[in-house]
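Student: Need a 3D model of the following:
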Amino acid sequence: MLITPDYCMLMARYNAWQNSGLRKIVEKMSAAELDKDRGAHFGSIRATLNHLLWADQLWLGRFADRPGPKGWIEDSVDLTPTISVWGAERFRTDGQITLWSEGLRAIDLTGDLTWHSKAAGREMSKPIQPLIMHFFNHQTHHRGQVHAMLTAAGQTPGVTDMFLMPET
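Tutor: Sure thing, here's the model as predicted:
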């Protein structure tokens, strides 16, 4: 077994901790600063945060067998209209990820996940464990982009080292 329910709970806690720190920073920034194109893949801080929220909702929907967000990847950058709406949705989604992870059992981490991929234009079926690992890795990847953009914008993002997470 590549991952365990405990791994998923740890990563869900890490995700929520990191997003909470980002929320505290971006909620104090102006819309102009958040929407400034900074040369990242999705352009701005807000666009990248929106994409990450959208992708988290998409994968969580697949894992929990419930509807995901509307739209497609190109729509993901406009998922929320303001950073305050983003903050509320981020908090709610992080809670859902935590609850999902707390409900996992070893048996839930076996077998394949089947879904229709718009990116591939067909039904996909892949082992669930690498998909869950992708879910958490994708979060870290895009938060790293946001961290770099915030630093370039003169902000001071908090530490990202997992061993410094409270209650670890």
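Student: Adjacent strands (with direction) for the one helix or strand in the chain whose mean pLDDT sits lowest?
Tutor: Using mean pLDDT, DSSP states H and E, strand 112-117 stands out as the lowest-scoring helix or strand of the chain, at a mean of 94. If you go by DSSP bridges, strand 112-117 pairs up with strand 122-127 (antiparallel).
Student: Quick check: longest helix in the chain by residues?
Tutor: Longest helix in the chain, counting residues (DSSP state H): helix 128-152.
Student: That one vs strand 112-117, what angle?
Tutor: 60 degrees (axes from the mean of the first three to the mean of the last three Cα atoms, to 10 degrees).
Student: Quick check: closest non-adjacent residue to Phe136.
Tutor: Once flanking residues are discounted, Phe136 sits nearest to Met11: 4.2 Å by Cβ to Cβ, 6 or more residues apart in numbering. For the C-beta atoms, the positions are set from N, CA and C on the backbone; glycine is no exception.
Student: what about that neighbour, which SS state?
Tutor: Secondary structure for Met11, judged by DSSP: H, G, I helix; E, B strand; the rest coil, is helix.
Student: quick one: buried residues of the least confident helix or strand of the chain?
Tutor: Going by neighbour count (16 or more other Cβ atoms under 10 Å), the buried part of strand 112-117 is 113, 115.
Student: roughly how far out does it sit from the chain middle?
Tutor: Relative to the centre of its chain, strand 112-117 is centred 19 Å away, using Cα atoms, centre = their mean, to the nearest Å.
Student: Using PDB, write down the CA coordinates of it.
Tutor: Extracted in PDB, the C-alpha atoms of strand 112-117 (Å, rounded to 0.1, in the frame of the first residue of the first chain):
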ATOM      1  CA  ASP A 112      -9.500   2.000  -9.200                       C
ATOM      2  CA  LEU A 113     -11.400   5.200  -9.600                       C
ATOM      3  CA  THR A 114     -13.400   5.600 -12.800                       C
ATOM      4  CA  TRP A 115     -14.500   9.000 -14.100                       C
ATOM      5  CA  HIS A 116     -15.100  11.000 -17.300                       C
ATOM      6  CA  SER A 117     -12.100  13.200 -18.000                       C
END
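Student: any idea how far the residue nearest to Phe136 is from Gly43?
Tutor: Going from Met11 to Gly43 by Cβ to Cβ, to the nearest Å gives 27 Å.
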